[in-house]
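Participant: Structure for the following, please:
(chains A and B, ligands or ions: 6)
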Protein chains: 2
Amino acid sequence: MKEPAMPSPSTSYPALLSPWQLRRTELKNRVMFAPTCPVWVRSPYEGAFTEQAVAYYEERARGGVGMIIIGGTLINRDTLYSPFLFPGLWDDAQVEGLAAVAEAVHRHGCKISVQLLHVGLRAATAFKTDPAYDFDATWHMSAPSQVPPGEYPGALVPKELEEHEILQILDDYESAGRRAMAAGLDGVEFHMAHGYLPWQFLSPLYNLRTDGWGGSYEKRLRFSLDAMTRLRSAVGDDALLGYRINSTSFWEGDLEPTDLEQVVKDFDERLDVDYVSLSAGVHHSYIHTPMEYEEGWERGYTNRIKQVTEKPVLLVGRYTTPAAAEEALVAEDADAILLARQMFADADWVNKAAAGEEDDIRRCVAANYCWRSVTRGGRVQCVYNPTVGREAAWGSAQDAPAATARRVLVLGGGPAGLEYARVAAGAGHHVVLHEREAQTGGHTRAFGALPHRAEYARIGTWLTAQALGNGATIHTSSPVAAADLDDLLARERPDHVVVATGARVRRDGFQGQTARPLPGHETGNCVAWDEVALGAVRPEGRVLVIDDLQDVAAPLTAHALAEAGATVQILTRWPMIAMDTAPDVYLHWMLTYLYRSGVEILTDHFVKEIAGDAVTVFNIYDPERTRELAADWIVMATGRQSENGLYHALRERGVSVEMIGDAVAPRGTYEATFEGHRAARKLEGLAAPAAA
Amino acid sequence: MKEPAMPSPSTSYPALLSPWQLRRTELKNRVMFAPTCPVWVRSPYEGAFTEQAVAYYEERARGGVGMIIIGGTLINRDTLYSPFLFPGLWDDAQVEGLAAVAEAVHRHGCKISVQLLHVGLRAATAFKTDPAYDFDATWHMSAPSQVPPGEYPGALVPKELEEHEILQILDDYESAGRRAMAAGLDGVEFHMAHGYLPWQFLSPLYNLRTDGWGGSYEKRLRFSLDAMTRLRSAVGDDALLGYRINSTSFWEGDLEPTDLEQVVKDFDERLDVDYVSLSAGVHHSYIHTPMEYEEGWERGYTNRIKQVTEKPVLLVGRYTTPAAAEEALVAEDADAILLARQMFADADWVNKAAAGEEDDIRRCVAANYCWRSVTRGGRVQCVYNPTVGREAAWGSAQDAPAATARRVLVLGGGPAGLEYARVAAGAGHHVVLHEREAQTGGHTRAFGALPHRAEYARIGTWLTAQALGNGATIHTSSPVAAADLDDLLARERPDHVVVATGARVRRDGFQGQTARPLPGHETGNCVAWDEVALGAVRPEGRVLVIDDLQDVAAPLTAHALAEAGATVQILTRWPMIAMDTAPDVYLHWMLTYLYRSGVEILTDHFVKEIAGDAVTVFNIYDPERTRELAADWIVMATGRQSENGLYHALRERGVSVEMIGDAVAPRGTYEATFEGHRAARKLEGLAAPAAA
Ligand SMILES: Cc1cc2nc3c(=O)[nH]c(=O)nc-3n(C[C@H](O)[C@H](O)[C@H](O)COP(=O)(O)O)c2cc1C
Ligand SMILES: Cc1cc2nc3c(=O)[nH]c(=O)nc-3n(C[C@H](O)[C@H](O)[C@H](O)COP(=O)(O)O)c2cc1C
Ligand SMILES: Nc1ncnc2c1ncn2[C@@H]1O[C@H](COP(=O)(O)OP(=O)(O)O)[C@@H](O)[C@H]1O
Ligand SMILES: Nc1ncnc2c1ncn2[C@@H]1O[C@H](COP(=O)(O)OP(=O)(O)O)[C@@H](O)[C@H]1O
Ligand code: SF4
Ligand code: SF4
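Facilitator: Ligands and ions are numbered 1, 2, ... in the order given. Okay, here's the model as predicted:
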């Protein structure tokens, strides 16, 4: 286990890596892990941190950040809503797990606080999913007024809080603050951003009350003033107390930036708080900023507030490089930089910055797979850092060179093969990889070639650079055929072969509705979406994009073609388009692109037959109703199929061989890198194969 | 705790309630609890039954069914997919919980078996949501061929099983069967229905193999033959072994009913099995039959198979009345009747049938709230039986008359007030209820007035009849105003008052996007959807239905008006319509109605302004693009608001008062009945109020 080098004055990031003091707390640098959903509990009903939480946070502390702010932690059971895995601080039994996390984090000279959350009206509609949970629990949301969250269809209307309930919530904040101190934390953060309860009191959009808690600016302010006053008394004079607020919500009718300036000024004067943490956007707008946004984009909104406050300002927003973070500090746009997703993607960011190893940073590509995992009721997982949540086994403290170096042959240089090569070579194994194409990256290259998705290609380029840096040999433009195998095996004499040949996008329109190619596909001018994205073909004229996947492929291919001048129509048998981009928080973007580029969308229809440039489609809900569409080109975003002939050929030969990634089953980048990583870690344990 | 009376020969259901023998097992009647998701585990990774499972199944055994078939229980860890709460039989540690269930069920003279499941390709796309789960676990689906499930958008493609994996799965069936015996069960069921793995092998739609496991009918049959042969050897000669299969899948390209006849005939000849359990439809078609279907509707499909098999046939399908079940047996359409959802709605069905208390049966209305709860990762919950999953506290064994009878006044006769009255009166309290309208039922009446939703009104009528039967006094057409309270309190002298006045549907278009009424609503001819459903107003001409809820209200109101001759358009700011009916398995129906009745749908648009019969709308994703719509009537399905002024008025008076149901926060029938039930159970424990 290697401890990070302490940042030295010779660093290229003197502002970022300089120690500073916040109230009475000494921080070793100006980088903090932003609050993110702390899904490291066994069950939301229990709400207590586990050993997994300890390993997860310790890994980030070991990586060098100055402070960790644990994300949304529930202050009472009423705001608990399934199926999200939130911890709580409503019960003394929850202190122990948090204390274990704090203790582990402190061991690395890192400070730690916790963000206290009440979601108010902003909750899923599922409530408690266990009927036997706590017979006294509420089965509703509570908020200042009966306004449903505007961002979910079918959102339920909350209870309008009674005054005695408001007072109880204030008590709950105080008790939660006390428990945070009992756990040994350095401070607490009041979460009043992102449209949650304190924001709901503050905003005239949500607060329609006419009693002492609404009606005027002063009354809307009261809840937060009272809560933070009580939090200060709970945490005492030494501990940190900050608050997080957004500079804008991008939602019509909500508080405007000028209102926020006033709020922050008033808090400066009337509260004993230590910092203001600024973000832009609410829950459902730009928090999980899409990949086309630049690092530091939020400054356009936060700077106005930075100018009116005397308090240190914490800034967030797509930061992935130390240079951009340094620049923001130097420009005095902030006093510290928060990294959220970047801390999932690479826990070791500060150490790498300090060591001048910026290029080794696994930069967050804003794919939002992490958010997707959380909204599906699971734990944070990163699309290309498979160690997240697995730190106890795969954390940096467990990295060690292999005792016996093995010779391994990797076939295919997509994310699965590359991650395998990176990890195996990193442990000292002898790795040779063959990639058919002139460039490695596999499917990440095609997704990165879609408009507005360029970042995605970073996954492949980073993995390639790291594999090479670790000593792997990569042969590009080197397709391996079954007939080559004997020669290749004789030449490389591998102890083990890994088939990572991935999957191909089918051109024949194969999908799950008929489990067959589309009838007549061979008569039409059919191409696969990735051929279009990668520029292998250039459809023009009347283009029909057939979508069965509901991901970004069809809409962005359509958008690109429309922008290039084609007349484009998307056809799907589903009732809408881009459905599966919703959990990634990209749906809004997709629809905006499509509307603006004039792509025509035909939902609820499916192909009956393709006959040259004529496509007959029928209504799924009324199959007798058919229509004829004209298509000079037909672009398929319908299905994929694994390419794994080499695996079977190798198995027949009795060599030690395994398949990973899309070659096993076409899925996504996450599964590919996870399987690549896992397999590489097991390489050393493999039985040596019988001599060939 | 009262034991059920044994069915006597004098019953009106001699066939249904007669004992019979299946292999060597004596069954006390011909009613069985159909296999349904046994979500009574703490976590799917653990997959072991809890105390909650014991109480849940014991309650159903106590209710008199002859046999319980526990639903889908996973045979290995590879088929485990989050977030659904499935138990497993892949580990000896899972035997204990199942044994405890079996022991409790047997105590009531009820038999019990378990359905063994491998889902194959038919799984959610989330896989394992815990990254730290089992570092050897698969992170993909497996199936005979690489066909994705056709019913989900964005469905992932499975791995094509290798032969050695198929053999392993057969082993796993056998081991699971052995564990079922070790748990003391009476038998096992092979789940080959509903599109899961064995069906995938059997069906040419999913099985595209050309090796020993596909290509011909005989080869497609092999997997099931082998699995059941091994299961027989695992369970031994005494135990029951049955299989479940569907008579049709209603999916083009899948096996046809004639194919199924052949399969069942072949199994008759080639396997030592004890029964065939028939259903119609697969996972994604008609399994969770909608409410407009009649009891026994599946016979149209299953009878053909019944005629070719020598084995006893178990029949399922919307059965809710003993009379219909008896009729099917008398007609020799089946040898036993399976109840699935009806066993959620009323565990005591057999006892009530035997006692001639048919009218007391809480009939399942096919709302599919139970399925919805499961698909959201939770446990089965019934829309109007709040005791499900809460049997340990609220089961029939816990029912007892109150020691001290209290006087309680209930204001409002929707499901919340009615359930309160039913339970409180049942415990011997003195209950008086006032309902404003001429009929009780509240919102269930409005939903029941929508086309194809008549069953829903049963909720209100059943609750009313039961409350009356238990001795509650119900005053209809009896609105209570704040001004009446003093008189009413003086007259009734209640120990406690319950405000269950519910919520009203807003006519002004209030919703979460603007948190305000729609601008200009007062100039338009605006009405609420429930006024239309209940016939209070009759919109004609050009009707605009504004939907913000995405439930059944807008589409079915639109459908009804279109059928009555109006020109109807639905406007919604969401990208599709009826989104929230998907978890209830009603989406397909909604869209079919809408297309067939010619309702025009405008998605992604929202109201800018209403000016008389002109409505200006804008595109959500390109707000500059506006359009003008003409509307003689505007029907709002946008928002609701609680009506609880009486609660506040009573609180001010210092009387013992509480709010339940939609009066607290507008939600659904489930929350209303749950809160009514819970509050009533707490009535006795309330402190006696100070004398008035
Ligand atoms: C998975 C996930 C969970 C988050 N949870 C929280 C939270 O609990 N509290 C909070 O204030 N912000 C939360 N955020 C927002 C982040 O703190 C941050 O503002 C946002 O991700 C933008 O920063 P980034 O570009 O560095 O990721 C979350 C973001 C993500 C991606
Ligand atoms: C919540 C729920 C879970 C179910 N789980 C299973 C299952 O595990 N195995 C199975 O064969 N059928 C399952 N089914 C189907 C039922 O056994 C039954 O065939 C269907 O609900 C129709 O019967 P009913 O009208 O009596 O409800 C399930 C149905 C529901 C509503
Ligand atoms: N026969 C082959 N020889 C060498 N490379 C191959 C061969 N077949 C496929 N590949 C390469 O394997 C890679 C697979 O990548 P991809 O499909 O993204 O899968 P994964 O996500 O599993 O990494 C692609 O870059 C593809 O060009
Ligand atoms: N002031 C009142 N006096 C009597 N009954 C009322 C009054 N206000 C509302 N109600 C009745 O209360 C019932 C509430 O039912 P509903 O809205 O379905 O709520 P819930 O789902 O909570 O039962 C309705 O039948 C309504 O007519
Ligand atoms: S999943 Fe994507 S957005 Fe999330 S941390 Fe990883 S790279 Fe960044
Ligand atoms: S929720 Fe609805 S469908 Fe399910 S058991 Fe209850 S009444 Fe029947």
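Participant: got a pLDDT number for the residue of the stretch 51-200 of chain A found nearest ligand 4?
Facilitator: Minimum separation of the stretch 51-200 of chain A from ligand 4 (Cβ to the nearest ligand atom) falls at residue A:140, amounting to 11.2 Å. Placement of C-beta: from N, CA and C, glycine included. Residue A:140 is assigned a pLDDT of 93 by the prediction.
Participant: I'd guessed it sits against residue A:159; true?
Facilitator: Yes. Judged on Cβ atoms under 8 Å, residue A:140 makes contact with residue A:159 at a distance of 5.1 Å.
Participant: Quick check: neighbours shared by these two?
Facilitator: In terms of Cβ atoms under 8 Å, 6 or more residues apart in numbering or on different chains, residue A:140 and residue A:159 are both contacted by the residues B:664-665.
Participant: and stretch A:415-434, average pLDDT?
Facilitator: 98.
Participant: Is there proximity between it and ligand 3?
Facilitator: Yes. Applying Cβ under 6 Å from any ligand atom, one finds stretch A:415-434 touching ligand 3 at A:415-417, A:434.
Participant: Out of the residues you listed, list just those in helices.
Facilitator: Mapping the residues of stretch A:415-434 next to ligand 3 onto helices (DSSP state H) picks out A:415-417.
Participant: which of those tops the neighbour count?
Facilitator: Ranked by neighbour count (other Cβ atoms under 10 Å in any protein chain shown), those have residue A:415 at the top, with 35 neighbours.
Participant: number of nearby residues for the closest residue to that one other than its chain neighbours?
Facilitator: Once flanking residues are discounted, residue A:415 sits nearest to residue A:672: 4.3 Å by Cβ to Cβ, 6 or more residues apart in numbering or on different chains. Counted by other Cβ under 10 Å, the residues lying close to residue A:672 total 34.
Participant: hang on, residue A:672 packs against residue A:660?
Facilitator: Yes. Contact between residue A:672 and residue A:660 holds when scored by Cβ under 8 Å: they sit 7.3 Å apart.
Participant: Now list whatever residues contact both of these two.
Facilitator: Counting by Cβ under 8 Å, 6+ apart, the residues touching both residue A:672 and residue A:660 are A:416, A:500.
Participant: where do the strands sit along the stretch 1-150 of chain A?
Facilitator: Taking DSSP state E, counting those that start in this stretch to define them, one finds strands in the stretch 1-150 of chain A at A:20-22, A:25-27, A:31-33, A:67-74, A:111-117, A:142-143.
Participant: Are the fourth one and ligand 1 in contact anywhere?
Facilitator: Pointing back at strand A:67-74 there. Yes. Using Cβ under 6 Å from any ligand atom, strand A:67-74 reaches ligand 1 at A:71-72.
Participant: Let's see the pLDDT reported for residue A:83.
Facilitator: 73.
Participant: So what's the residue count around the residue in chain A that ligand 6 sits nearest to?
Facilitator: For chain A and ligand 6, the shortest gap (Cβ to the nearest ligand atom) falls at residue A:131, measuring 12.1 Å. Residues within reach of residue A:131, counting by other Cβ under 10 Å, total 24.
Participant: ok, and the closest non-adjacent residue to it?
Facilitator: Nearest non-adjacent residue to residue A:131 (Cβ to Cβ, 6+ apart): residue B:389, at 3.5 Å.
Participant: The one you found against residue B:378, yeah?
Facilitator: No. The criterion here is Cβ under 8 Å, and residue B:389 misses it with residue B:378 at 9.2 Å.
Participant: between the two, what contacts are shared?
Facilitator: Shared contacts of residue B:389 and residue B:378, counting by Cβ under 8 Å, 6+ apart, come down to residue A:130.
Participant: Show me which of these two is the more surrounded one.
Facilitator: Legend: neighbour count by other Cβ under 10 Å for residue B:389 and residue B:378, higher for residue B:389 (27 against 23).
Participant: what sits against the more buried one?
Facilitator: By Cβ under 8 Å, 6+ apart, the contact set of residue B:389 is A:130-132, B:40, B:52, B:56, B:379-381.
Participant: Could you grab the helix/strand/coil label for residue A:455?
Facilitator: Assigned by DSSP: H, G, I helix; E, B strand; the rest coil, the conformation of residue A:455 is helix.
Participant: Oh, that last question was meant for residue A:626, not what I typed.
Facilitator: Taking three-state DSSP, the label given to residue A:626 is strand.
Participant: what's the burial count for it?
Facilitator: Neighbour count of residue A:626, defined by other Cβ under 10 Å: 13.
Participant: and what of residue A:645?
Facilitator: Using other Cβ under 10 Å, residue A:645 has 13 other residues around it.
Participant: burial of the closest residue to it other than its chain neighbours, as a residue count?
Facilitator: Spatially, and ignoring its direct neighbours in sequence, residue A:645 is nearest to residue A:482 (6.1 Å; Cβ to Cβ, 6+ apart). Using other Cβ under 10 Å, residue A:482 has 12 neighbouring residues.
Participant: So the residue in the stretch 151-300 of chain A that ligand 2 sits nearest to versus residue A:288, what's the distance?
Facilitator: Distance from ligand 2 to each residue of the stretch 151-300 of chain A (Cβ to the nearest ligand atom) is smallest for residue A:154, at 19.9 Å. Distance of residue A:154 to residue A:288, given as Cβ to Cβ, to the nearest Å: 22 Å.
Participant: On the three-state scheme, residue A:220 is what?
Facilitator: Judged by three-state DSSP, the three-state class of residue A:220 is helix.
Participant: The residue nearest to residue A:645 against residue A:649, yeah?
Facilitator: Yes. Residue A:482 is within contact range of residue A:649, at 4.5 Å (criterion: Cβ under 8 Å).
Participant: And the next helix or strand past the helix or strand where residue A:531 lies?
Facilitator: For residue A:531, the element it lies in under DSSP states H and E is helix A:529-533. Beyond helix A:529-533 on the C-terminal side, the first helix or strand identified by DSSP H and E is strand A:542-547.
Participant: Which strands or helices does the helix or strand following that following strand pack on?
Facilitator: Next in sequence after strand A:542-547, counting helices and strands by DSSP H and E, comes helix A:553-563. Identification of packing neighbours for helix A:553-563 by 3 or more Cβ pairs under 8 Å, 6 or more residues apart in numbering or on different chains; DSSP states H and E yields helix A:529-533, strand A:542-547, strand A:567-572, helix A:587-597, strand A:633-637.
Participant: any chance of these in JSON lines, with distance to ligand 4 too?
Facilitator: Formatted as JSON lines, those follow (distance: least, Cβ to the nearest ligand atom, whole Å):
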{"stretch": "helix A:529-533", "distance to ligand 4": "48"}
{"stretch": "strand A:542-547", "distance to ligand 4": "40"}
{"stretch": "strand A:567-572", "distance to ligand 4": "37"}
{"stretch": "helix A:587-597", "distance to ligand 4": "32"}
{"stretch": "strand A:633-637", "distance to ligand 4": "44"}
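Participant: By mean pLDDT, show me the worst of those.
Facilitator: Taking the mean pLDDT of those, helix A:587-597 comes last: a mean of 93.
Participant: Buried residues of that one, list them for me.
Facilitator: A:587-591, A:593-595, A:597 (16 or more other Cβ atoms under 10 Å in any protein chain shown).
Participant: Just name the closest of the residues you listed to residue A:177, please.
Facilitator: In terms of Cβ to Cβ, no member of these lies closer to residue A:177 than residue A:588, at 35.9 Å.
Participant: Could you pull up the contacting residues of the spatially closest residue to the closest one that is not a sequence neighbour?
Facilitator: If the residues on either side of it in the chain are set aside, residue A:588 comes closest to residue B:621, at 7.3 Å by Cβ to Cβ, 6+ apart. Contacts of residue B:621 were listed using Cβ under 8 Å, 6+ apart, and they are A:588, A:591-592, A:594-596, B:604.
Participant: cutoff 10 Å now
Facilitator: A:588-596, B:575, B:604-605 (Cβ atoms under 10 Å, 6 or more residues apart in numbering or on different chains).
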